[in-house]
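Asks: Sharing a model prediction with you, sequence too.
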Amino acid sequence: MGANKHHLTATEKKEVISLTKDLIKIPSSVKDGNDIYEYVRGYLTRKGFNVRLQTIDNPHIKYYDFSNLYLKIGNGKGPKIMLNGHLDAVGVHEKNKWCHPPFSAIEEEGKIYGRGAADMKAGCAAAIIAFIALAKRKKEINGELFLSCVFGEEAPFSLGTDTLLQEYDLKNYDLVIIPEPSPLLTKNDYCFTHGRIHQSHFPTPIIGAEGRVLLEIEFFGKAAHASHPSVGVNALHDAATLISELARFDIFTHIKRGRGHYVVLNIEGGDESFTVPDYCKILVNRQVMLGENAKTVIREIKKIVKALGLKSKVHICKRYSPGPELEYKPFLTESSTYLDRFIKSIIEYDEKDQENKEKRICKFSTRSIGDFNLFGARAKVSTVIFGPGGGNIHAPNEFVNKDETIKTADYLLNFLMEVYS
């Protein structure tokens, strides 16, 4: 096994990259079926594990026959930790803009290209290999290690994680680690180590995330002939006035003390006739901080509308969601026993560079939303996002950094060996 069992062997490092490439080569958007989950189940079964499949069942939205997969090791009499990731990816658009075919997993200059490479097939591969490596080294562990690969993070409402949490509430779990591409999810975000916004660098632990509220805002004006606009009330003009005002709120935010920003996602109304439009609807995303919710946000917008003196009647409502348990609410885990141990294990990972490591290991929050919101806010378990960086997620030429993928798996193994020793 080598001199230091806390770290990956050369063979295991190759396996991390091999598995990453294999996962990238399997299309896995909501239109692509369950193939990637069957592949991972076969991969883990061949390694000697008993893998469970969990059918995703939600009465509100039906996709295809997708399943989560998961497995556990340990006797349950000690620390309980989950490694979680989603194997689904967004679809491929604008294929002509890709420098390499999106499912070819081409490696070039230390980068591995492909759809889902960074978000988050490399992170899933790192978690899977770390799980296998720990099981090789520890035939018995006092505690429980739970590996879950879910579907639906890239589809509405995180249905896979919802299904998982319906069966397991995780109330006795000490830590959930999600290897999303944390260096990419912390751009212009707040660092709790230094108390300010600054650039992040791998390794990057994220300890909190903003939430979101989707709002529909309707404007009811008055139709008139366009040659006499003063006779009518232009709903589009009033919508534009509010949109301009909301854009001014896109300023510094702080998950504990600040306020979220607005982004207008869609606008519709009017037609090509020579008529003052009497109706307009906009879809607005509002990031929410701790202490904020849909009611506080709607109250805020109503005050803005009143101050603007709009002539249209304005109706504001929260966009439909299947249920409150599926909403993305903010969370923050500034400190917990095993989160602190995880951060400490990163700091002490390289003993030769101890001083520099102390300075650059920062604990960030993120403006992004995802499955981690359901673990941190709904399950109320300490949750950390920690994975390899890359670039162009949800865009052409997505890539993940090869060395950071290997390092992620090694950091995870080192921490798990410390916990379960």
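Replies: Great, that's in hand. Numbering: from 1, shown residues only.
Asks: care to break this protein down by domain?
Replies: Domain ranges of the chain: 10-210+330-420, 211-325, per automatic domain parsing.
Asks: Between the two ends of the shortest one, what distance do you get?
Replies: End-to-end distance of domain 211-325: 13 Å, with Cα to Cα, to the nearest Å as the criterion.
Asks: State the mean pLDDT of it.
Replies: The average of the pLDDT scores along domain 211-325 is 92.
Asks: Could you look up the next helix or strand downstream of the lowest-mean-pLDDT helix or strand in the chain?
Replies: Of all helical and strand segments in the chain, the minimum by mean pLDDT, DSSP states H and E falls on helix 354-360, at a mean of 55. Downstream of helix 354-360, the next assigned helix or strand under DSSP states H and E is strand 364-366.
Asks: and that next one, what does it pack onto?
Replies: strand 190-191, strand 206-209 (3 or more Cβ pairs under 8 Å, 6 or more residues apart in numbering; DSSP states H and E). To be clear about C-beta, it is placed using only N, CA and C from the backbone, and glycine gets the same treatment.
Asks: what's next to it, contact-wise?
Replies: Strand 364-366 has contacts (Cβ atoms under 8 Å, 6 or more residues apart in numbering) with 182, 185-186, 189-192, 200, 204-210, 255, 332, 385.
Asks: So, low pLDDT: which residues of this protein?
Replies: Scanning the chain with the threshold set as pLDDT under 70 gives 1-3, 58-65, 250-252, 351-360.
Asks: Look at residue 202 and say how many residues are nearby.
Replies: Residues near residue 202, counting by other Cβ atoms under 10 Å, number 20.
Asks: again but with residue 35, I slipped
Replies: Residue 35, neighbours per other Cβ under 10 Å, totals 12.
Asks: sorry, back to before: just name the most buried of the helices and strands packed on strand 364-366.
Replies: strand 206-209 (a mean of 27; mean count of other Cβ atoms under 10 Å).
Asks: Which neighbouring elements make contact with that strand?
Replies: strand 331-332, strand 364-366, helix 371-373, strand 383-385.
Asks: and with 7 Å instead?
Replies: Packing partners of strand 206-209 (3 or more Cβ pairs under 7 Å, 6 or more residues apart in numbering; DSSP states H and E): strand 331-332, strand 364-366, strand 383-385.
Asks: Show residues contacting the shortest one.
Replies: Strand 331-332 is contacted from outside by 207-209, 255-256, 290, 365, 373, 376-377, 383, using Cβ atoms under 7 Å, 6 or more residues apart in numbering.
Asks: out of those residues, who's nearest residue 407?
Replies: The closest of the contacts of strand 331-332 to residue 407 turns out to be residue 207 (Cβ to Cβ; 19.4 Å).
Asks: So the closest one sits against residue 384, correct?
Replies: Yes: Residue 207 lies in contact with residue 384 (Cβ atoms under 7 Å); the separation is 5.9 Å.
Asks: anything in contact with each of the two?
Replies: residue 339.
Asks: Show me where the stretch 201-350 of the chain has its strands.
Replies: Ranges of strands within the stretch 201-350 of the chain are 206-209, 211-220, 224-225, 262-269, 275-276, 279-288, 313-318, 331-332, based on DSSP state E, counting those that start in this stretch.
Asks: Now the fourth one: buried residues?
Replies: The one in question is strand 262-269. Residues of strand 262-269 classed as buried: 262, 264, 267, 269 (neighbour count, 16 or more other Cβ atoms under 10 Å).
Asks: Same list (the residues you listed) but as JSON lines, adding distance to residue 15.
Replies: Listed next are those as JSON lines, based on distance: Cβ to Cβ, whole Å:
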{"residue": "262", "distance to residue 15": "45"}
{"residue": "264", "distance to residue 15": "45"}
{"residue": "267", "distance to residue 15": "49"}
{"residue": "269", "distance to residue 15": "55"}
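Asks: ok, so of these, who is nearest residue 406?
Replies: residue 262 (39.8 Å).
Asks: Could you find the closest non-adjacent residue to the closest one?
Replies: Closest residue in space to residue 262, ignoring its immediate chain neighbours: residue 246 at 4.0 Å, by Cβ to Cβ, 6 or more residues apart in numbering.
Asks: how many neighbours does the one you found have?
Replies: 20.
Asks: and what of residue 22?
Replies: 16.
Asks: Which secondary structure element is home to it?
Replies: helix 10-24.
Asks: can I get the CA coordinates of that helix in PDB?
Replies: Below are the C-alpha coordinates for helix 10-24, written out as PDB (Å, rounded to 0.1, in the frame of the first residue of the first chain):
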ATOM      1  CA  ALA A  10       0.100   6.000  -8.000                       C
ATOM      2  CA  THR A  11      -2.400   3.500  -9.200                       C
ATOM      3  CA  GLU A  12      -5.300   5.100  -7.400                       C
ATOM      4  CA  LYS A  13      -4.400   8.500  -8.800                       C
ATOM      5  CA  LYS A  14      -4.600   7.100 -12.300                       C
ATOM      6  CA  GLU A  15      -8.000   5.600 -11.400                       C
ATOM      7  CA  VAL A  16      -9.300   9.000 -10.400                       C
ATOM      8  CA  ILE A  17      -8.500  10.400 -13.900                       C
ATOM      9  CA  SER A  18      -9.600   7.200 -15.700                       C
ATOM     10  CA  LEU A  19     -13.000   7.300 -13.900                       C
ATOM     11  CA  THR A  20     -13.400  11.000 -14.500                       C
ATOM     12  CA  LYS A  21     -12.900  10.500 -18.300                       C
ATOM     13  CA  ASP A  22     -15.300   7.500 -18.300                       C
ATOM     14  CA  LEU A  23     -18.000   9.600 -16.700                       C
ATOM     15  CA  ILE A  24     -17.500  12.500 -19.100                       C
END
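Asks: Give me the residues contacting the helix or strand just after that helix.
Replies: Counting by DSSP H and E, the next helix or strand C-terminal to helix 10-24 is helix 35-46. By Cβ under 7 Å, 6+ apart, the surrounding residues in contact with helix 35-46 are 23, 26, 28, 51, 53, 67, 69, 71, 87, 149, 151.
Asks: can you rerun that using 8 Å?
Replies: Residues contacting helix 35-46 (Cβ under 8 Å, 6+ apart): 19, 22-23, 26-28, 51, 53, 66-69, 71, 87-88, 124, 128, 132, 149, 151.
Asks: Helices - which of these land there?
Replies: Under the assignment DSSP state H, these contribute 19, 22-23, 124, 128, 132 to helices.
Asks: ok so, going back, which among the contacts of helix 35-46 end up buried?
Replies: Judged by 16+ other Cβ under 10 Å, buried ones among the contacts of helix 35-46: 19, 22-23, 26-28, 51, 66-69, 71, 87-88, 124, 128, 132, 149, 151.
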